[in-house]
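Undergrad: quick one, fold the following:
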Amino acid sequence: MGGYYYTTDLGDTWDYISWKVYGNEYHIEDLTRAPENYKLLETLVFSADQKVWCPYIEEEEVDDTTPEWRREDE
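TA: Reported below is the predicted structural model:
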């Protein structure tokens, strides 16, 4: 599983990093479960120039049981 290091700016938080890297804040768990980030788990607000590992995430499959009229992408 690949990924890359994101270098924080002063004031970054886990949800903001998730939003900047993945486009939404719902991937905080992916960030905090990465072993490379275990030493950062007690950090709520980051200082500048810290390295946070951002694993690549597979795209989620669309639930085909949702009726077409309820799908957001159409």
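
Undergrad: so which bits of the helix ranked longest in the chain are buried?
TA: Counting residues, the longest helix in the chain under DSSP state H turns out to be helix 14-22. Going by neighbour count (16 or more other CB atoms under 10 Å), the buried part of helix 14-22 is Trp14, Tyr16, Ile17, Ser18, Val21, Tyr22. Yep, even glycine has a C-beta here, placed from its N, CA and C like the rest.

Undergrad: ok, the residues you listed vs Asp49, which is closest?
TA: When the buried residues of helix 14-22 are compared for distance to Asp49 (CB to CB), Ile17 wins out at 13.6 Å.

Undergrad: please verify my assumption that that closest one contacts Gln50.
TA: No: shown here, Ile17 and Gln50 do not form a contact pair, counting by CB atoms under 8 Å, at 10.0 Å.

Undergrad: mind listing the shared neighbours of the two?
TA: Taking CB atoms under 8 Å, 6 or more residues apart in numbering as the contact definition, Ile17 and Gln50 share the neighbouring residues Thr8.
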